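[1] A predicted structure for the sequence below; I have some questions about it.
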Amino acid sequence: MVQLGFTRYGKAEVRVVRIIRGAAPDGGDVIIDRNVSSAVSGDIGDAYYTGDNTNVLATDTQKNLVNVFAKRLGNVEPEEFATKLAQFLVTENEPLTRARVAIDQYGWTRIGTHTHSFARAGDYVRTTTVVHDQDAGTSVVSGLKDLIVLNTTNSEFWGFPRDAYTTLPETKDRILATQVEAQWRFRPGADLDWAGFDWGEAFETAKQVLLDTFAGTYSYALQQTLYAIGTKIIETVPAICEVRMALPNKHHFLVDLELFGETNDNEVFYAADRPYGLIEGIALADDAPDAGLAWT
């Protein structure tokens, strides 16, 4: 006999743009641009076994709820949006016991002094994932992705094992560049007053710590930089208990200019897009509670 394992279903990538008219301090507009994905679980086995949709909340309904919540909630942080939507999906639909809402938020900046004109800010994407379970409670994970950072110096890489297959030279001065994907887990709701918590300030602080630590760490390995960033975020934002990062090494190789009668004193590089080293790791506070559903 074949048993049905864990299942969930939902509506992926609902792109919703909310304009908050006149909400800026000077009377200009505010743009909230999000890509929202929802998924639900619960007593839905019959839909898989027999195609009985009695307990199935249509994915189109989930799409409609995203748009309705965008109207109702207005200018709220993505963590609050995701939490309220996830809780609604579970509490208002009895067969469902768990909801997961993931949000990518895209930035926009005003063009000069114009109150209604914007340019897309493409330096990173803000991310949020909330899982709400009727028994286990709510887990919140925030972060960012597609943030490209680079140090022109203050990075070395040497002392690694060498064998017949090793061709990489050691270096005491290299470019260190990466495209950051970082997520940080907040302590459970029982340990955090979410009702009055400033999600925006927590995000901005963590992001600035990430940037400052990357810039201020003399790096002997990208692994060392990863751990330094995670440690500093946890130390600076007490509400955060865990940081997970994926850092692809954006290799920059020195170009050989001798054929053209030129010297290259660590000035001209070829930026390779692949293959690349991928460094991943987790920084965890000593008293971090069990992750539970946070990363599912």
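    Arrived safely. These numbers come from a predicted model, not from an experiment. Numbers count the residues shown, from 1 in each chain.

[2] For my notes, confirm Val140 occurs in a helix.
    No. Inclusion of Val140 in a helix is not indicated when DSSP: H, G, I helix; E, B strand; the rest coil is applied; the result is strand.

[3] The nearest residue in space to it that is not next to it in sequence: neighbour count?
    In this structure, Val140 finds its nearest non-sequential neighbour in Phe186, 4.6 Å apart by C-beta to C-beta, 6 or more residues apart in numbering. C-beta coordinates here come from the backbone N, C-alpha and C atoms, glycine included. Other residues within reach of Phe186 by the criterion other C-beta atoms under 10 Å amount to 24.

[4] Pairing partners for Phe186 in the sheet, please.
    Partner residues in beta bridges with Phe186: Ile240, with DSSP bridges as the criterion.

[5] so who does it touch?
    139-142, 192, 202, 239-241 (C-beta atoms under 8 Å, 6 or more residues apart in numbering).

[6] Roughly how far does it sit from Thr129?
    With the distance defined as C-beta to C-beta, to the nearest Å, Phe186 ends up 11 Å from Thr129.

[7] anything in contact with each of those two?
    By the contact definition C-beta under 8 Å, 6+ apart, Phe186 and Thr129 are jointly contacted by 140-142.

[8] Out of those residues, which comes closest to Asp173?
    The shortest distance between Asp173 and any of the shared contacts of Phe186 and Thr129, using C-beta to C-beta, involves Ser142 and amounts to 35.2 Å.

[9] For Gln87, which residues are in contact?
    Under the criterion of C-beta under 8 Å, 6+ apart, the contact list for Gln87 reads 99, 132, 138.

[10] For the nearest residue to the second one once chain neighbours are set aside, which three-state class applies?
    Across the structure, with C-beta to C-beta, 6+ apart as the measure, the residue nearest His132 apart from its sequence neighbours is Ala86 (3.8 Å). Classification of Ala86 using three-state DSSP returns helix.

[11] picking that back up, tell me which of the shared contacts of Phe186 and Thr129 is nearest to Glu92?
    Val140 (20.3 Å).

[12] helix or strand for Asp26, which one?
    Assigned by DSSP states H and E, Asp26 belongs to neither a helix nor a strand.

[13] again with Phe81
    Assigning secondary structure by DSSP H and E places Phe81 in helix 78-91.

[14] For that helix, what is the distance to the chain centroid?
    Centre-to-centre, helix 78-91 and its host chain are 18 Å apart (C-alpha atoms, centre = their mean, to the nearest Å).

[15] The stretch 101-250 of the chain: strands as residue ranges?
    Counting by DSSP state E, counting those that start in this stretch, residue ranges of the strands within the stretch 101-250 of the chain are 118-133, 137-151, 176-186, 240-248.

[16] low-scoring pLDDT stretches of the stretch 151-296 of the chain, where are they?
    Counting by pLDDT under 70, the ranges of the stretch 151-296 of the chain that qualify are 190-193.

[17] let's see 90
    188-196, 296 (pLDDT under 90).

[18] can you pull the buried residues of the helix holding Phe81?
    In terms of neighbour count (16 or more other C-beta atoms under 10 Å), helix 78-91 has its buried residues at 78-90.
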